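In: Next input, structure requested:
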Amino acid sequence: MPFYSRCSQGELIQPAGDRGDLTMTETDTPKSAKKPRLTSLEISLIAIVSLFVIVIVVLLILFATQSNEICTTADCTQSASRLIGKMDASVDPCDNFYQYSCGGWLKKNIIPETHAKYGLYNILKAELEVVLKGVLEKKVEREAAALTKAKTLYKSCTNERLIEQKGGAPLLDMLPDIFEWPMAVDNWEDDYGKTWRLEDVIARLNWKYATQVLVYFFVYIDDGDSTSHIIYFDQQMSFGLLSRDYYTCKGRFAEACRAYEKFMFDLAKLIRTDRGLKISETDIKAEVTRVVDLERDIVSATDPLLLQSDQVLLYNKMELRELNRNFTLEIDSQKFNWSYFTAKIMDTVNIKVPESEKIINNYPSYFVKLKGVLAKYTKRDLQNYVVWRFVMKMVEGLSRPYRNTRNAFHKVLTGKTSEKAVWRRCALYVNSNLDKAVGRLYVQEAFSENSKELMEEMIKDIREVFISNLNDLAWMDEETKRAAEEKAQAIRERIGYSDDIMNDEYLNNEYKDLSYSAEEYFKNILQNLEYGTKKYLQKLREKVNKDEWVTGAAVVNAFYSASKNQIVFPAGILQPPFFSKGQPKSLNYGGIGMVIGHEITHGFDDKGSKYDKDGNLKNWWTPQSFRKFLELSRCFANQYSKFSWDLANGLHLNGNNTLSENIADNAGIRQAYQAYKKFVKRNGEEPRLPGTDLSHDQLFFLNFAQIWCGSYRPQQALISIKMDIHSPVMFRVLGSLQNFPEFAKAFNCNKSSNMVSDNICHVW
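Out: Just a heads-up that it's a prediction; the model follows:
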């Protein structure tokens, strides 16, 4: 310890000139000689000198304590233990900082059978689920009705005995409501085919069962006018096999295709068995093949992920009547009526939509291609497909034989071999459907109000850094800098939870239309699907409430909303290692500080940059500044595309698909570090952590990296590269730090180190 080692050497304990003289005088005096008596003046001088020495020692102790103090609080001790335990100090931080930071964690943690990937987020979510289990199982007298409803829903979900007893009956009973599943019933053409219309089926799946097939119809904030809501028509967004690559059904994707077809075959066979119907495996397999062929053609008609990120190209405003005029669809000689389809949905919330209604057609080219796709298939094929896309999701709420039909498919697709514990699945399900009620329970149980004040201070610091950095951007002209500053100043922050959820009257009113039975889990699921969809459909004629939170409180994540220009940090993420009032500020800034910078920067990434300070899709850039911005952004796209991943068979990342998140990661770590250095300048150096000789600059980067400690199964690694808008966790660390010279400086990395890039990418 520096303080003690320094004092034990005897340095500076007394003036150097006095040490030898006194020693020599005492040593050289003959034993027989009589020591001279000290005069009062000499005694006074000795007293003064002694007092002077004492003062010097005290000052040195104070100095040493101030500069080398070890923090021994419980928070510091726990932080040090956590950081050291995850590290692999045998790795050179300048060679591979991710391995240096996370090597210890990777050695000690294997991926649970219930997970396709596993890391800090999963651990924190698991801890959150434990809290939710406790509050949802706790009986409280005279609580708000909304809280009781959440507990009733949870009870119905965990009632395994009754769910097993009901088998598949709840699904079989409701299938006639959506014109049945042809391959799972006899005489479909006679019983349903004669009155069948595609508009009726996909409209009902939309408003009543929250299933968007063929046409993705929804009501959301108008990108061009963030105070209003508007109807959007979009391409189909999700598919059974996730991405178009899988539908080649060749090479590494062949097994997934076979498992997908078997899932459909086994489920259809099980339903026919439970209905006592004759089973022709040949017939079922033929229909399954037709469904997969149809889905493959639909996937081919969709525009790729890259185009989906360009909001300007997507914003095609037109009148509803133009869909009927310019985007005709036909199935078995039946023409698809867009106005009829829209009315079928909006009539359920008593909203009339005239032919002159302004709508947004996000993908005109998709609907043109879809016409050719539908012409190749019969209405039976279409009905088989759209109902399959519904039932494959609904097996989650049925008995084990039904859930087991998907096991092999999930294993092939993700590598998972086991389901989560029932109580965990149920806690997450209730939270996702009644997030305000569950958020209230979570906040009361686990959230510290002291967090808000410190978070507000950190957001203020990082926002100021972002604005200050604008002055140093040589590529941006003054006019655009002023607009960027206005937008940054206008960002609304939301911390912890909405105050509304603590109000019983508000909460009860929010869920007044829901009524659950503890004995009817599947019916509760159906009720939630309809309630959730109608809640958004009803907003069409309402003004946008920009104070409304975009998420619940019991969530381990953070968000940015472009249309509301809002950043949100739910209570669930405000915990170590991201954040704690008691842990060193270096860890807070490296954790939640990086997240704050990340979310602020989303307002200025390749997508958010197209929205103004009021959340409108509006160009606030000068042409020359925007050209420079695109050039600098391409640097990130090219840089991350050069990363290859052994776990995904050497595939390269897609730097275009992950561009927004990479821009936000790189700016977030830079802004958080600069804000921390300003904190140190204001408040002085922090006490060191026990058990480590790392500086707080180094600890800042270490905590940032350890947030991303995690492992993937090979199957999930492939999905991540094909589908995820985030880079895999290892590359989120390596990419961000290679672009930040202050990291290399903190760890004394030389220019030839792996963690030092020859081509630094920097936008914000």
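In: Domain-wise, how is this protein divided?
Out: Domain assignment for the chain by automatic domain parsing gives 2-29+38-68, 77-110+451-498+549-746, 179-397.
In: pLDDT of the first one, averaged?
Out: For domain 2-29+38-68, mean pLDDT rounds to 37.
In: same question, the last one
Out: Domain 179-397 shows a mean pLDDT of 96.
In: now swap in the longest one and tell me
Out: Domain 77-110+451-498+549-746 shows an average pLDDT of 97 in the prediction.
In: what do you get for stretch 148-155?
Out: Looking at stretch 148-155 alone, the average pLDDT works out to 98.
In: Name the nearest residue to the residue positioned nearest the centre of the chain, ignoring sequence neighbours.
Out: Residue closest to the mean C-alpha point of the chain, counted by Cα atoms, centre = their mean, is residue 557 at 5.0 Å. In space, not counting the residues next to it along the chain, residue 557 is nearest to residue 573; the distance is 6.1 Å by Cβ to Cβ, 6 or more residues apart in numbering. C-beta coordinates here come from the backbone N, C-alpha and C atoms, glycine included.
In: and that neighbour, what does it touch?
Out: Residue 573 makes contact with 124, 555-558, 579, 592, 595, according to Cβ atoms under 8 Å, 6 or more residues apart in numbering.
In: ok, residue 417 - contacts?
Out: Listed by Cβ under 8 Å, 6+ apart, the contact set of residue 417 reads 113, 411.
In: So it: helix, strand or coil?
Out: Look at residue 417: counting by DSSP: H, G, I helix; E, B strand; the rest coil, its state is coil.
In: Got the phi and psi for it?
Out: Dihedral pair for residue 417: phi -120, psi 0, per degrees, to the nearest 10.
In: Make a markdown table out of the contacts of residue 573 and add secondary structure.
Out: Listed next are those as a markdown table, based on three-state DSSP:
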| residue | secondary structure |
| --- | --- |
| 124 | helix |
| 555 | coil |
| 556 | coil |
| 557 | coil |
| 558 | coil |
| 579 | coil |
| 592 | helix |
| 595 | helix |
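In: Out of those residues, which is nearest to residue 224?
Out: Of all these, the one sitting nearest residue 224 is residue 558; the distance, using Cβ to Cβ, is 26.8 Å.
In: returning to that earlier point: quick one: the residue nearest to residue 557 and residue 555, what's the gap?
Out: Spatial separation of residue 573 from residue 555 under the definition Cβ to Cβ, to the nearest Å is 7 Å.
In: Also residue 739?
Out: As judged by Cβ to Cβ, residue 739 and residue 555 stand 29 Å apart.
In: just residue 380 next, same as before
Out: Applying Cβ to Cβ, the value for residue 380 to residue 555 is 42 Å.
In: Same question for residue 231.
Out: According to Cβ to Cβ, residue 231 and residue 555 sit 28 Å apart.
In: And residue 479, by the same measure?
Out: Relative to residue 555, residue 479 is positioned 38 Å away (Cβ to Cβ).
In: again, but for residue 295
Out: When Cβ to Cβ is applied, the distance between residue 295 and residue 555 equals 32 Å.
In: Would you mark the buried spots in the helix or strand containing residue 432?
Out: Using DSSP states H and E, residue 432 maps to helix 422-433. Neighbour-count burial for helix 422-433, counted by 16 or more other Cβ atoms under 10 Å, picks out 423-431, 433.
In: helices and strands around it, which ones?
Out: The elements that helix 422-433 packs onto, with contact taken as 3 or more Cβ pairs under 8 Å, 6 or more residues apart in numbering; DSSP states H and E, are helix 120-137, helix 145-158.
In: what's the most buried one of the ones you listed?
Out: Each of the helices and strands packed on helix 422-433 was scored by mean neighbour count; the highest is helix 145-158, a mean of 22, by mean count of other Cβ atoms under 10 Å.
In: Who are the packing partners of that helix?
Out: Contacting helix 145-158 under the criterion 3+ Cβ pairs under 8 Å, 6+ apart are the following elements: helix 120-137, helix 422-433, helix 435-446, helix 504-510, helix 521-537.
In: just the strands in the stretch 301-450 of the chain please.
Out: Listed in chain order, the strands found in the stretch 301-450 of the chain under DSSP state E, counting those that start in this stretch are 317-319, 330-331, 334-335, 358-361.
In: Output those strands in JSON lines, with mean neighbour count and distance to residue 756 appended to each entry.
Out: Conversion of these to JSON lines gives the following (neighbours: other Cβ atoms under 10 Å; distance: least, Cβ to Cβ, whole Å):
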{"stretch": "strand 317-319", "mean neighbour count": "15", "distance to residue 756": "48"}
{"stretch": "strand 330-331", "mean neighbour count": "16", "distance to residue 756": "59"}
{"stretch": "strand 334-335", "mean neighbour count": "13", "distance to residue 756": "63"}
{"stretch": "strand 358-361", "mean neighbour count": "19", "distance to residue 756": "46"}
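In: I'd like the ones you listed as TSV, with distance to residue 640 appended.
Out: Conversion of the strands of the stretch 301-450 of the chain to TSV gives the following (distance: least, Cβ to Cβ, whole Å):
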stretch	distance to residue 640
strand 317-319	34
strand 330-331	42
strand 334-335	46
strand 358-361	31
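In: And those: which comes nearest residue 411?
Out: Distances from residue 411 to each of those were compared using Cβ to Cβ; the shortest belongs to strand 330-331, at 35.4 Å.
In: strands paired with that closest one, and their directions?
Out: Paired neighbours of strand 330-331 in the sheet (DSSP bridges): strand 334-335 (antiparallel).
In: Tell me who's in contact with residue 269.
Out: By Cβ under 8 Å, 6+ apart, residue 269 lies in contact with 279, 281, 284.
In: can you check residue 432 too?
Out: Applying Cβ under 8 Å, 6+ apart, one finds that residue 432 lies in contact with no residue.
In: With residue 106 instead?
Out: Going by Cβ under 8 Å, 6+ apart, residue 106 touches 99, 709, 711.
In: Going by distance to residue 615, which of these wins?
Out: For the contacts of residue 106, the minimum distance to residue 615 (Cβ to Cβ) is 35.0 Å, reached by residue 709.
In: which SSE is the closest residue to residue 665 other than its chain neighbours in?
Out: Among residues not flanking residue 665 along the chain, residue 736 sits closest, at 4.8 Å (Cβ to Cβ, 6+ apart). Assessed by DSSP H and E, residue 736 sits inside helix 729-738.
In: who's in contact with that helix?
Out: Taking Cβ under 8 Å, 6+ apart as the criterion, the residues outside helix 729-738 that touch it are 96-98, 101, 119, 639-640, 643, 645, 653, 661-662, 665-666, 668-669, 701, 704-705, 708-710, 726-727, 743, 755-757, 760.
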